[in-house]
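1. Test case, fold it:
(2 chains)
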Amino acid sequence: MSTTGSIIEPRNKSLLQAAIGGLAQSRHAPAHEAIGTQIMQLALDFEASPSIMDVRNAESPMDAPALLEMQIPNVPPVEADAARVTEESPGFVIGNGAYIDLAIELMLTCAEDLVMVQKVLSRGDDLPTRTRNRANKIKDDTIAWLRNTPPDDEHYFRFSFHDCAEMLEEELKLQSLGQVAIPRIADRADELAQWIINDPEAAKHYLSRYKRIFGQDDRHIMTDDDELNDDTSHTIRQRHGA
Amino acid sequence: MTAITFLSVPTASTAHTKPSARSRLDLAIRDLAGWPDQDRNFFIAAFTTRKSGAQLAREMGMTPSAYQLRRRDILRRFIRAAAIQPSA
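-> Prediction:
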């Protein structure tokens, strides 16, 4: 299923054609692959939408008039919503752009961790047992969050992956300016999680593109070189406080 | 360190309304109270402000690469806590 975007003339047709080719190949693909393809297509749709990109790229005061002409959804303050639930002040203020940034970055972190673990474990017999155990722990923790499966009944979830998927869908709708159709993401969070687990390289690639489009600061993006330099004992040692 | 704005928000009685995803995230971040102050402050500074990574790194006295690694590590910690957080 296409996520539409047909009203937009794509900037990068080669990428779009590649994605369309992927759609054709995945006609009989499992559900998690189908949503993976939709996520890929959606990134292309956003990138191909000139007005959205103009808004995203408008950083200088000279671009302010263009911003004023855009119909940006009016988002009610979230603090009051939280207060209704908790009857307490949340104690901080999150800017609208930070929500989509964080939703994407949480998913991207999962994909990057799974890629990193794959690289570490692929070293086979040369890998010290301690490092192997830590890599497996990272993988297990990441998959536990993606699948929302607590280790036992005494634990519960804070901000679950389902919450994250729902937030991503809501924020993408806000960001779309009505020009890009957003697929159901929250309802298909399990499929999205399975896509990240099964194909973390692809998930990392496309979620990085979302990060470039919607991130508040694309300098946060780590390159593959960064990842390689960060993929072994340093990160594992940091994560476990050793 | 980045200044954090604290708001006084009036309370309401619609406690049975299902919170939005944004609200659930707000609640999760507020629950970082059990984290060490420096980790909690870093999370809030890095993910709730509109400052650039370079600006935040400068304010925190970190190199950009060190800031990036720290940011990544804090995200992983958030995920791990969300997955296996003991009940409060």
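
2. quick one: buried residues of the longest helix along chain B?
-> Using DSSP state H, we find that the single longest helix of chain B is helix B:64-84. Within helix B:64-84, the residues that qualify as buried by neighbour count (16 or more other CB atoms under 10 Å in any protein chain shown) are B:67-84. The way it works is simple: take the backbone N, C-alpha and C, and place the C-beta from them, glycine included.

3. could I get it in PDB with only the CA atoms?
-> The C-alpha trace of helix B:64-84 is given here as PDB (Å, rounded to 0.1, in the frame of the first residue of the first chain):
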ATOM      1  CA  PRO B  64      30.500  17.200  20.700                       C
ATOM      2  CA  SER B  65      31.500  13.600  20.400                       C
ATOM      3  CA  ALA B  66      31.500  13.100  24.200                       C
ATOM      4  CA  TYR B  67      28.100  14.800  24.300                       C
ATOM      5  CA  GLN B  68      26.800  12.500  21.500                       C
ATOM      6  CA  LEU B  69      28.000   9.400  23.300                       C
ATOM      7  CA  ARG B  70      26.400  10.500  26.500                       C
ATOM      8  CA  ARG B  71      23.200  11.300  24.800                       C
ATOM      9  CA  ARG B  72      23.100   7.900  23.300                       C
ATOM     10  CA  ASP B  73      23.900   6.200  26.600                       C
ATOM     11  CA  ILE B  74      21.100   8.100  28.300                       C
ATOM     12  CA  LEU B  75      18.600   7.100  25.700                       C
ATOM     13  CA  ARG B  76      19.600   3.400  26.100                       C
ATOM     14  CA  ARG B  77      19.200   3.800  29.800                       C
ATOM     15  CA  PHE B  78      15.700   5.200  29.300                       C
ATOM     16  CA  ILE B  79      14.800   2.300  27.100                       C
ATOM     17  CA  ARG B  80      16.100  -0.200  29.600                       C
ATOM     18  CA  ALA B  81      14.300   1.500  32.400                       C
ATOM     19  CA  ALA B  82      11.000   1.500  30.400                       C
ATOM     20  CA  ALA B  83      11.300  -2.200  29.700                       C
ATOM     21  CA  ILE B  84      12.200  -3.500  33.100                       C
END
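
4. tell me the strands in chain A, going along the chain?
-> Here chain A has no strands by DSSP state E.

5. Walking through chain A, point out its helices one by one.
-> A:13-25, A:31-47, A:50-57, A:64-69, A:78-86, A:96-121, A:129-147, A:161-175, A:189-198, A:200-214, A:224-229, A:233-239.

6. what's the worst-scoring helix or strand of chain B on mean pLDDT packed up against?
-> When the helices and strands of chain B are scored by mean pLDDT, DSSP states H and E, helix B:21-30 comes last with a mean of 83. Packing contacts for helix B:21-30, counted by 3 or more CB pairs under 8 Å, 6 or more residues apart in numbering or on different chains; DSSP states H and E, involve helix A:78-86, helix A:96-121, helix A:161-175, helix B:37-48.

7. switch the cut-off to 10 Å
-> In terms of contacts (3 or more CB pairs under 10 Å, 6 or more residues apart in numbering or on different chains; DSSP states H and E), helix B:21-30 is packed against helix A:78-86, helix A:96-121, helix A:161-175, helix B:37-48, helix B:64-84.

8. low-scoring pLDDT stretches of chain B, where are they?
-> Filtered on pLDDT under 70, chain B yields the residue ranges B:1-18, B:84-88.

9. Could you look up the SS state of B:M62?
-> Judged by DSSP: H, G, I helix; E, B strand; the rest coil, the three-state class of B:M62 is coil.

10. which one of the helices and strands packed on helix B:21-30 lies closest to B:L27?
-> Evaluated with CB to CB, the helices and strands packed on helix B:21-30 place helix A:78-86 nearest to B:L27, the distance being 6.3 Å.

11. Tell me how many other residues crowd the residue lying closest to A:D199 once chain neighbours are set aside.
-> Leaving aside its sequence neighbours, A:D199 sits nearest to A:G36 (CB to CB, 6 or more residues apart in numbering or on different chains; 6.4 Å). By other CB atoms under 10 Å in any protein chain shown, 24 other residues sit near A:G36.

12. Same question for the one 4 residues further on.
-> Around A:M40 sit 23 other residues, with neighbours defined as other CB under 10 Å.

13. now the one 4 residues further on
-> Residues within reach of A:L44, counting by other CB under 10 Å, total 24.

14. How confident was the prediction at it?
-> For A:L44, the pLDDT comes out at 79.

15. what do you get for the one 4 residues further on?
-> As predicted, A:A48 sits at a pLDDT of 75.

16. Isn't it up against A:R209?
-> No. Look at A:A48 against A:R209 with CB atoms under 10 Å: they stay out of range, at 11.8 Å.

17. And A:A181, its phi and psi?
-> Dihedral angles of A:A181 (phi, psi; degrees, to the nearest 10) stand at phi -70, psi 130.

18. I'd assumed A:F46 was in contact with it.
-> No. Look at A:A181 against A:F46 with CB under 10 Å: they stay out of range, at 11.0 Å.

19. Low-confidence ranges, chain A, go.
-> A:1-29, A:50-92, A:149-157, A:216-242.

20. related to what we said a few turns ago, can you state the direction angle for the longest helix of chain B and helix A:161-175?
-> For helix B:64-84 against helix A:161-175, the angle by axes from the mean of the first three to the mean of the last three CA atoms, to 10 degrees is 120 degrees.
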